[in-house]
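[1] I'd like to go over a predicted model; first the sequence, then the structure.
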Amino acid sequence: MAMKSYQNHAELLVKEYLLADPLIPYTSIIGGIFACKMVYDLTDLFSDVYFKSYSSLTKLQRIEWNNRAISTFHAVFIATMSLYFVFCSDLFSDQIHGDLVTFQSSAQSTFALGVSVGYFISDLGMIIWFYPSLGGMEYVIHHFFSMIAVAYSMLTGEGQLYTCMVLISETTTPGINLRWYLDIAGMKRSKAYLVNGVVIFFAWFVARILLFIYLFYHISLHQDQVKQMHAFGQLIVLVVPVVLSVMNLMWFWKIFKGMKKTLAKQH
């Protein structure tokens, strides 16, 4: 009975406070930042105990090691949530809901986007603090545009469908991070490194090329609904995906050249 009472109180706390509509943006952002800090510290502790090579890394390498664990955690979380909202749930369904698709949202989708904002704030702060060790200007631009777009969608409820579509592209992040871990572990010539490179190539093509083409197609079909958004929201929907698409194409070309070079070495 005591356990049941505790569970009911916990559920009430989450429903009435943490997921209360006016507080969702703030509790989710704080939760995202807290989760990033927790993952960073746990990765540092876990890696120091279970990975012998971790202690031999430089200070900046250990920071990047832990930072990539944060980005992997965020990628798995937000990509899973976004895939569910876009393709599995009826949240953004044209047939079921009478509202415009550009204005459809829920407490759960807003919370998920808030956690993502918390991540982008944390990661952008680390990138700037340790610049350029954790990434060059392209990462600063990518994170800045992503943070603004996700934050606007979270706070206003506008364009959450398109925000989730873009965030599905985070499915490529774990593979990119694994590639770095294999490299730092001296496994650049291993079969695992080769397979990982091929997987990244196809995952990138699907999640960051084909999906963005579908995104632009969907926007063109619903341009009358997009025009009913706030002017700043329209600007984000039209500009941010274009900027990210250009960057995705540039990185895709680098991935293609890298895979081609790796395959040549294998032969």
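    Received it, and whenever you're ready, just let me know what you need.
[2] so where's the stretch 1-150 of the chain uncertain?
    Residue ranges of the stretch 1-150 of the chain with pLDDT under 70: 1-21, 95-98.
[3] could you pull out the helices in it for me?
    Along the stretch 1-150 of the chain, counting by DSSP state H, counting those that start in this stretch, helices occupy 2-13, 24-50, 59-83, 107-129, 137-156.
[4] give the buried residues for the last one.
    When neighbours are counted by 16 or more other CB atoms under 10 Å, the buried residues of helix 137-156 are found to be 139-140, 142-143, 145-147, 149-154, 156. For every residue, glycine as well, the C-beta is placed using N, CA and C.
[5] of the helices of the stretch 1-150 of the chain, flag the one that's most buried.
    helix 107-129 (a mean of 21; mean count of other CB atoms under 10 Å).
[6] using CSV, write down the CA coordinates of it.
    The C-alpha trace of helix 107-129 is given here as CSV (Å, rounded to 0.1, in the frame of the first residue of the first chain):
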residue,chain,number,x,y,z
ALA,A,107,2.7,17.9,-23.9
GLN,A,108,4.9,14.9,-24.7
SER,A,109,6.3,16.4,-28.0
THR,A,110,6.9,19.8,-26.3
PHE,A,111,8.7,18.0,-23.4
ALA,A,112,10.9,16.0,-25.9
LEU,A,113,11.8,19.2,-27.8
GLY,A,114,12.6,20.9,-24.5
VAL,A,115,15.1,18.2,-23.5
SER,A,116,16.7,18.6,-27.0
VAL,A,117,17.0,22.4,-26.4
GLY,A,118,18.7,21.6,-23.1
TYR,A,119,21.2,19.4,-24.9
PHE,A,120,21.9,22.0,-27.6
ILE,A,121,22.5,24.7,-24.9
SER,A,122,24.9,22.4,-23.1
ASP,A,123,26.8,21.1,-26.1
LEU,A,124,27.0,24.5,-27.7
GLY,A,125,28.4,25.9,-24.5
MET,A,126,31.1,23.2,-24.4
ILE,A,127,32.0,23.7,-28.1
ILE,A,128,32.4,27.4,-27.6
TRP,A,129,34.3,26.9,-24.3
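[7] so which elements touch it?
    helix 24-50, helix 59-83, helix 137-156, helix 160-167 (3 or more CB pairs under 8 Å, 6 or more residues apart in numbering; DSSP states H and E).
[8] switch the buried residues of helix 137-156 over to CSV; also include distance to Ile78.
    Shown next, in CSV, are those (distance: CB to CB, whole Å):
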residue, distance to Ile78
Tyr139, 17
Val140, 20
His142, 15
His143, 14
Phe145, 16
Ser146, 11
Met147, 13
Ala149, 13
Val150, 9
Ala151, 14
Tyr152, 16
Ser153, 12
Met154, 12
Thr156, 19
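[9] quick one: the helices of the stretch 1-150 of the chain as CSV, columns for distance to Phe256 too.
    Formatted as CSV, the helices of the stretch 1-150 of the chain follow (distance: least, CB to CB, whole Å):
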stretch, distance to Phe256
helix 2-13, 49
helix 24-50, 31
helix 59-83, 21
helix 107-129, 25
helix 137-156, 17
